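A.B. asks: Dropping a prediction and its sequence here:
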Amino acid sequence: MLRMRSFLPPLLFTLAYAGISLSVTNSYYQLILTLVPVWAVFGLSWNLLSGYTGLISFGHAAFFGIGAYATALGQIYFNISPWLLIPIAAMLGGIAGLLIGFPTFRLQGHYFALAMLAYPLAILYVFEWLGFQEVTLPIKRDAPIAYMQFSDPHIYTLLGLAIMLATIVLSQVIERSRFGMALLAIKQNEAAAEAAGINTLAWKLRAITLSGAIAAAIGGFYAQVLLVVTPQSVFGMLVSAQALTVAMFGGVGTVWGPVIGSVILIPLAEILHAEAGARIPGIQGVIFGIAIVSVILLAPEGLFWRLRDVLRRRTGSKATAGATPEAAAANVTTLKPAARQRAAPGDVVLEVRNLSRSFGGLKALQDVSFRLHQNEILGIIGPNGAGKTTLFNLLNGFLKPSQGEVLIDGRNMSGQRPHVICEAGIGRTFQVMRPFLRMSILDNVVVGAYVRAGSDDQARQFAADAVARVGLSAVADRVAGELSTKELRLMELARAIAGQPRILLLDETLAGLGHGEADEVVAVIQQLARDGMTIAIIEHTMQAMVRLVDRFLVLDHGAVITEGLPEVVTRDNRVIEAYLGKKWVGHAAN
Ligand SMILES: Nc1ncnc2c1ncn2[C@@H]1O[C@H](COP(=O)(O)OP(=O)(O)OP(=O)(O)O)[C@@H](O)[C@H]1O
């Protein structure tokens, strides 16, 4: 029902646009009205890859141009109808996406962006070299409908709108599915996404394949509208910039962004080009340049998000008038920490054997061995640089060991990728939180649920259960950007348990919390252990740790200096010397 309702605005917008375009009689204005959905679809295709994953593509013209040339050359050399050629172009664009994505996804950040820039330029020179400088589509007066050559230009606009509506709906479906969640998780933190069980390379390849297919399809349609294709007009820098500009101007990571950007910028640039192009050549490029600079300065994420924030603030301030942050905080179910009840040691669920890891000459971890039993809470402590986070990174697959083994339920998992280890039952939180600030708590948590869930509905159910277990049900619909540090920590915990891990690695989950807040989070962790979860926690807050853990493992200079019960370990001179310090002895005596 909710989904159907979200399709209504794009449908109404398309109908209104169609109504306006049918009343236009000037053929030049009609062409502009056709180009708006064309560039909107191109922007949407860019958004699907770059808007959702954050991997900026400067080279989407590669796909657009492949589609345009496929449609033109298919008619010239094989006399195939564009109705068939456009789907073929989409297939070629998808294949190109896969071929480009596979090597290029090895690069990150601006290296990826720059590599993408090279593809359309290389193809442009190849097409020029092949002699396809200017390809004119054959005129088919005998079969105009079969060859998509309509005498009434309104039909092109309606076709463009139909493609745009289909692309918006497809994007909306993707946004709310496992696919969209995976892409957003990659955008936020690719490593954390892998740790949450997401096979990031596979999802990125799916995104670029689909994005390439849509860009090529609309490139094919563009060739059909203009009836002439040149390398510069379909592979040129300005074409790639067009996708980027309409999406960034309108709003990145939303279906409405490219549509808004296109509706405003395309008519503006085209009319200026027609009116002033002869006097000021290249005015179109100037307009796009100004648009990008203005957006960067005034609304860095695009118009859509800016407007939404303003509206939210207005309606939010009315709705929450009288509702104080304290009242909102009171909605969070709080648990009180219980006195520590040592778990009876269960089966060994995790065994670490002689694990070592060096970075160049630095031995960050040396010959570490220990076992983790079911239901146990193991505290991992040690001074800064002792190797605690390195140990976690080895356990969940971020790092490969130089030596040694990690066995989960007796199975050697060392060297496996993080999402495989997550599937095997290890969940993890991070020292630095990276929530999706514009998304609700529930949506943030859903990202972690997909590793176990078979369907979108099941993922939402798992997420709702996880949110309830950390006591955040009452605020599940609030956006993460409004949460306190404690609530964010609980949300991260919920995200980790939504994937139903059996072993949970918590990296400084209490960092930045006040005394009372830390107690609440401790109580939640205790409850998780009582419910059957096995937990390893890195933490510097010793007062909380001695109440929480069943056993300590103490690291110093990458090696285990001791392990055992809290009351024994905290009196061990080696631990006091290396980590706790003399102050601790005085404190413990009191
Ligand atoms: N990717 C890396 N490359 C080079 N050196 C690294 C890398 N990761 C960790 N180290 C080094 O390995 C050692 C152990 O670091 P690690 O982060 O595991 O310590 P830690 O016990 O978690 O410290 P803290 O309590 O400050 O988080 C440190 O000397 C650190 O500088």
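C.D. replies: Yep, that arrived. Residues are numbered from 1 along each chain as shown.
A.B. asks: switch to C-alpha atoms for all contacts and neighbour counts from now on
C.D. replies: Noted.
A.B. asks: any idea how far the residue in the stretch 101-250 of the chain that the ligand sits nearest to is from residue 391?
C.D. replies: In the stretch 101-250 of the chain, the residue found nearest to the ligand is residue 191; the distance is 13.1 Å by C-alpha to the nearest ligand atom. Distance of residue 191 to residue 391, given as C-alpha to C-alpha, to the nearest Å: 16 Å.
A.B. asks: Neighbour count: these two, which is higher?
C.D. replies: residue 391 (24 against 15; other C-alpha atoms under 10 Å).
A.B. asks: tell me which residues in stretch 417-432 are buried?
C.D. replies: Buried residues in stretch 417-432, counted by 16 or more other C-alpha atoms under 10 Å: 417-430.
A.B. asks: OK, contacts around the closest residue to residue 281 other than its chain neighbours?
C.D. replies: The spatial neighbour of residue 281 that comes closest, neighbours along the chain excluded (C-alpha to C-alpha, 6 or more residues apart in numbering), is residue 273 at 7.9 Å. By C-alpha atoms under 8 Å, 6 or more residues apart in numbering, the contact set of residue 273 is 281-284.
A.B. asks: Can you pick out the most distant pair from these?
C.D. replies: For the contacts of residue 273, the maximum inter-member distance is 8.2 Å, found between 281 and 284 (C-alpha to C-alpha).
A.B. asks: Please settle this for me: is residue 370 part of a strand?
C.D. replies: Yes: with DSSP: H, G, I helix; E, B strand; the rest coil as the criterion, residue 370 is located in a strand.
A.B. asks: Quick check, it in contact with residue 355.
C.D. replies: No: counting by C-alpha atoms under 8 Å, residue 355 is not a contact partner of residue 370; they are 9.5 Å apart.
A.B. asks: The two: who's more crowded?
C.D. replies: Comparing residue 370 with residue 355 by neighbour count (other C-alpha under 10 Å), the higher total belongs to residue 355, at 22 against 14.
A.B. asks: mind listing what that one touches?
C.D. replies: Residues near residue 355 by C-alpha under 8 Å, 6+ apart: 365-369, 401-406.
A.B. asks: now it, which residues is it bridged with?
C.D. replies: Going by DSSP bridges, residue 355 is paired in beta bridges with residue 368.
A.B. asks: From the ligand, how far off is it?
C.D. replies: Going from residue 355 to the ligand by C-alpha to the nearest ligand atom, to the nearest Å gives 13 Å.
A.B. asks: cool, and residue 381?
C.D. replies: Relative to the ligand, residue 381 is positioned 8 Å away (C-alpha to the nearest ligand atom).
A.B. asks: what about that residue, how many neighbours?
C.D. replies: Neighbour count of residue 381, defined by other C-alpha under 10 Å: 26.
A.B. asks: ok, now the one 3 residues further on?
C.D. replies: Counted with other C-alpha under 10 Å, residues neighbouring residue 384 total 13.
A.B. asks: Kindly report the same for the one 5 residues further on.
C.D. replies: Residue 389: 18 surrounding residues under other C-alpha under 10 Å.
A.B. asks: What of residue 410?
C.D. replies: Neighbours around residue 410, by other C-alpha under 10 Å: 11.
A.B. asks: correct me, but it touches residue 350?
C.D. replies: Yes: here residue 410 lies in contact with residue 350, judged by C-alpha under 8 Å, at a distance of 7.5 Å.
A.B. asks: Give the residue spans of this structure that score low on pLDDT.
C.D. replies: Within the chain, the ranges that satisfy pLDDT under 70 run 1-3, 316-345, 582-590.
A.B. asks: picking that back up, sort out for me which of the buried residues of stretch 417-432 are in strands.
C.D. replies: Residues of the buried residues of stretch 417-432 located in strands (DSSP state E): 426-428.
A.B. asks: Is it possible to get a markdown table of these that adds distance to the ligand?
C.D. replies: Listed next are these as a markdown table, based on distance: C-alpha to the nearest ligand atom, whole Å:
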| residue | distance to the ligand |
| --- | --- |
| 426 | 19 |
| 427 | 18 |
| 428 | 14 |
